[in-house]
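Q: Would you be able to build a 3D model of this:
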Amino acid sequence: QVQLVESGGGLVQTGGSLRLSCAASGRTFSSYAMGWFRQAPGKEREFVAAVTLSGTRTSYADSVKGRFTISRVNAENGVYLQMDSLKPEDTAVYYCAAKYMAYDVVIPPRSRYEYWGQGTQVTVSS
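A: Take a look at the predicted model:
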């Protein structure tokens, strides 16, 4: 069982930055690939970014590539999402998710994640 708790959301102006954090429970954090997803009002949840077990490889949605950076620190059981050059269309509830993996490989964006956090609201004003 893995429990995930997100933090760091808030209100920011266009062009600003936020850093989201996700704290994971459990001693096997390094066995889980981690991802960030988001859901805007009236829209489906969408993939934002993912990081492999070791943290050495990452993947991003085209809409955030070059602006967002995902990272993890296994010793801290933490995964982070640095969001720069924020736009109003980035406004959404952001979720952290974990997927058990046997290998340190990049997983497809539509992969099924087993554990989810409760989400943190990010609002970008124009």
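Q: use CA for all of it now, contacts and neighbours both
A: OK.
Q: In contact with the residue of the chain positioned farthest from its centre: list those residues for me.
A: Most distant residue from the mean C-alpha position of the chain: Ser126, 23.1 Å away (CA atoms, centre = their mean). Ser126 sits next to Gln13, Thr14, Lys87, Pro88 when contact means CA atoms under 8 Å, 6 or more residues apart in numbering.
Q: Phe68 is in contact with the third one, correct?
A: No: under the criterion of CA atoms under 8 Å, Lys87 lies out of contact with Phe68, with a separation of 11.5 Å.
Q: Neighbours of Gly42, how many?
A: Look at Gly42: counted by other CA atoms under 10 Å, it has 6 neighbours.
Q: what's the helix or strand for the residue most central in space within the chain?
A: When CA atoms, centre = their mean is applied to the chain, the residue found nearest the centroid is Trp36 (2.2 Å). For Trp36, the host element (DSSP states H and E) is strand 32-39.
Q: Quick one: mean pLDDT over that strand.
A: In this model, strand 32-39 has an average pLDDT of 97.
Q: what's the angle from whichever helix or strand comes after it to strand 32-39?
A: The element immediately downstream of strand 32-39 (helix or strand, assigned by DSSP H and E) is strand 46-51. Compare the direction of strand 46-51 with that of strand 32-39 by axes from the mean of the first three to the mean of the last three CA atoms, to 10 degrees and you get 160 degrees.
Q: For strand 46-51, which strands pair with it and how are they oriented?
A: Strand 46-51 has the following strand partners under DSSP bridges: strand 32-39 (antiparallel), strand 58-60 (antiparallel).
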